[in-house]
Structures are given as C-alpha cells and as structure tokens.
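Enquirer: okay, sequence plus prediction incoming.
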Number of protein chains: 2
Amino acid sequence: MAAEREDLIDALAQVAFVTTGVLSAAASDRDLSLTQARAIGILRDRGLRMSELAQVLGLEKSTLSGLVVRAEKRGLLQRVPDDGDRRAALVTIAPAGARLAQEVRADLEQALAPLIGGLEEGERLQLQALLERMIEHAGTRPETRSS
Amino acid sequence: MAAEREDLIDALAQVAFVTTGVLSAAASDRDLSLTQARAIGILRDRGLRMSELAQVLGLEKSTLSGLVVRAEKRGLLQRVPDDGDRRAALVTIAPAGARLAQEVRADLEQALAPLIGGLEEGERLQLQALLERMIEHAGTRPETRSS
DNA sequence: CCGGTTAGTTCGCGTTACGAATCAAAGTAG
DNA sequence: CTACTTTGATTCGTAACGCGAACTAACCGG
C-alpha cells in the first residue's frame, strides 16, 4: 500500500509538469514568464501588497520588485500606494494585463482540453472535487518553503 | 457548464503549483534546481540520450548540456558513450544522484501527505486513476511547446 | 569519397531569482 | 518628543537557466 501512494505521487507530479508546461508555453507565446502569468492570474480577482504577492508566489520580495517593474512598464500591472500605510504598495492588474490573463487562460483551457476531454462529465466533477479537497488541506500547511 | 470546466482548470493549476512548489523546495534544500530534480527523477529508471532527455524535459539540447555538465561535476549523473553510435551520449544516474532522488522523493511524499491524507483510501485510488487517464491522453499531443 | 543529416557542445545574450545592504515609514518605548 | 526597533519595499551584485546560432564529430546514402 506504500506503493500505491508512490504511484499517486508520480501521477500528481506528472500532471503538474504537463500543466505548468502547457501554461508556460501559453505564457511565453505572449512574452510572459510562467511566474508573470501566475501573477496576473492571481491578481485577476484582487489586489495584493507586494509582500503578500511575494509570499503567494513563493518568491523573495526583491525578486518580485523586478517582476512587477517589468510588468508595469508593459502596462500589465500597476502599483498604487496603499493609503493608511505609505510604505506599502498595492499591486493591481491593469486592463492590458487582464486581457492577457484572459487569453492565456483560454489557451490553457484549449491545450488541456484533450486531457480532460477523455473523461466523462461525472468524472470531471469528481476530479475537480478531489483536487479542491486537496487544495483545502494545503492551506493547513503554514509554509511551502523551508529555508 | 463552461463554468464547471473553468473551475476544473483552476483546480488543476493550483494543485500543479502546489506540487511543483513543494518539489522545488525539496530540491533546493539539496541545491538542485527544479529541472535538475526532474532530470534525476526521470533517469531513476532508465538511461536516456541527451536529445531524448531534452525532449522529455521540454528543453533545448544546448540547455541540457550545461545542466548535465553541472550535475556530472557533482557526481549526480554520468554520460557514457553509446556504443553503436559514437556521437550519442547516454545519460545515466550516478549513485549519489540516485540517493538524492530518493531523498527528494521522500520529502515530496511527506510534504504532500497532508494534502492526500485528507482523502479516503478509495478516493486516493480514484484520484490516481483519473490523473493517469489524463496523462495517457497527454501522450496523444505531439508537442508541449509552440515556439 | 562527398554532400546531407543527426548528436552534442560551445558561446553570447537576456531573464530570473537570491541575498545583503539600504531607505523610508510605522510602531514602541522611555 | 526623541531614540530604537520593526516592517515594506527597492537597489545592487552575482549565479543559474534557457535560448538560438555557430560549430564539430559521426553516421548515412549514393
């Protein structure tokens, strides 16, 4: 039964690589790095502070600075000063960024279609439910990083 | 029903990021890049030619060269000449690399434990089966990259 | 042999990411 | 009100990653 768990890990890893690979390709078609694509995807809904976004992405603040500067130069993101704390900057998505995010998302969906297309409607829902349960439990862990 | 599919995509992406994030952390604890970790994971079983490994990883041959050189310097991989074709080099895992792969894998398993631990035994098998079906259909697609 | 193809390597370049140092704004005594 | 510390973010130097173009070596068909 330990072997079973190992196989699950393998399957998870493989699917993860395929998914990120596809996303990375869709992103780079639009001159976005995988991380930039992630960032605009995350900011689709809400704005975040630099430090918050860095944590979500698992990056150092210094790394994020550069990333946001580049994205801002391209008009994909924008930094607005957080009123109430003049040190903090709120990163929000700009119209062009939202558009790009939409496109990348569409490409991702299309590229993954053959994978999930092989599943029945009910199986898709099952899969989604299982994945969402996993994500829930992921929140339990405080840190993804160790160093 | 389009919304359902979108949610599945979201769930897939999130799980993919968590998984690669965890793996990346486990790898970097041992001074391995995510790609290096992938490489030694792939070579766990079988040896591959440079070009084959490059394709599996979705990398350019030139990129792989550097990666293998660095890994070889650390005694993780080794290149043996392919007899029958003196141009080709077979990349195989070295003892130290196999040990590291084992460790990384153990860490990955441990880090993912809370996620899959929330599932019943039967659900785990279900999930694994669904993921494996997806991977099968992934093989149908000829190329993961576009440019 | 000789052109064409295939396997790998080398080189130069830009991007990504990290960590240490720095700076400004907040918070916290005393 | 003036220090001292903490927090949010940027800058700078450095290393690794990845690409594409150019190159070498070996195979392959005539």
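Expert: The structure has been received and is ready for your questions.

Enquirer: what distance do you get for the most centrally placed residue in chain A to A:Leu77?
Expert: The residue lying closest to the centre of chain A (C-alpha atoms, centre = their mean) is A:Arg38, at 3.5 Å. Applying C-beta to C-beta, to the nearest Å, the value for A:Arg38 to A:Leu77 is 12 Å. C-beta here means a position set from N, CA and C on the backbone, and glycine is covered the same way.

Enquirer: same check on A:Ile42?
Expert: Distance from A:Ile42 to A:Leu77, by C-beta to C-beta: 11 Å.

Enquirer: so the two - more neighbours on which side?
Expert: Comparing A:Ile42 with A:Leu77 by neighbour count (other C-beta atoms under 10 Å in any protein chain shown), the higher total belongs to A:Leu77, at 24 against 18.

Enquirer: a strand runs through A:Leu90, doesn't it?
Expert: Yes: counting by DSSP: H, G, I helix; E, B strand; the rest coil, one finds A:Leu90 located in a strand.

Enquirer: ok, it - contacts?
Expert: By C-beta atoms under 8 Å, 6 or more residues apart in numbering or on different chains, the residues touching A:Leu90 are A:Gly47, A:Leu48, A:Arg49, A:Arg79, A:Val80, A:Pro81, A:Asp82.

Enquirer: so where is chain A shaky, pLDDT-wise?
Expert: A:1-5, A:139-147 (pLDDT under 70).

Enquirer: quick one: residues contacting A:Asp31.
Expert: Applying C-beta under 8 Å, 6+ apart, no residues contact A:Asp31.

Enquirer: now do 10 Å
Expert: By C-beta atoms under 10 Å, 6 or more residues apart in numbering or on different chains, the contact list for A:Asp31 reads A:Arg74, A:Leu100.

Enquirer: just say helix, strand or coil for it.
Expert: From three-state DSSP, the assignment for A:Asp31 is coil.

Enquirer: next structured bit after the longest helix seen in chain A?
Expert: Ordering each helix of chain A by length in residues (DSSP state H) puts helix A:2-28 first. With elements assigned by DSSP states H and E, the helix or strand that comes after helix A:2-28 is helix A:34-42.

Enquirer: and the angle from that next one to helix B:2-28?
Expert: Relative orientation of helix A:34-42 versus helix B:2-28 (axes from the mean of the first three to the mean of the last three C-alpha atoms, to 10 degrees): 140 degrees.

Enquirer: packing partners of helix A:34-42?
Expert: Counting contacts by 3 or more C-beta pairs under 10 Å, 6 or more residues apart in numbering or on different chains; DSSP states H and E, helix A:34-42 packs against helix A:2-28, helix A:50-57, helix A:61-73, strand A:77-81, strand A:89-93, helix A:95-117, helix B:2-28.

Enquirer: my guess is A:Ser65 contacts A:Leu77. True?
Expert: No: using C-beta atoms under 10 Å as the test, A:Ser65 is too far from A:Leu77 to be in contact (12.0 Å).
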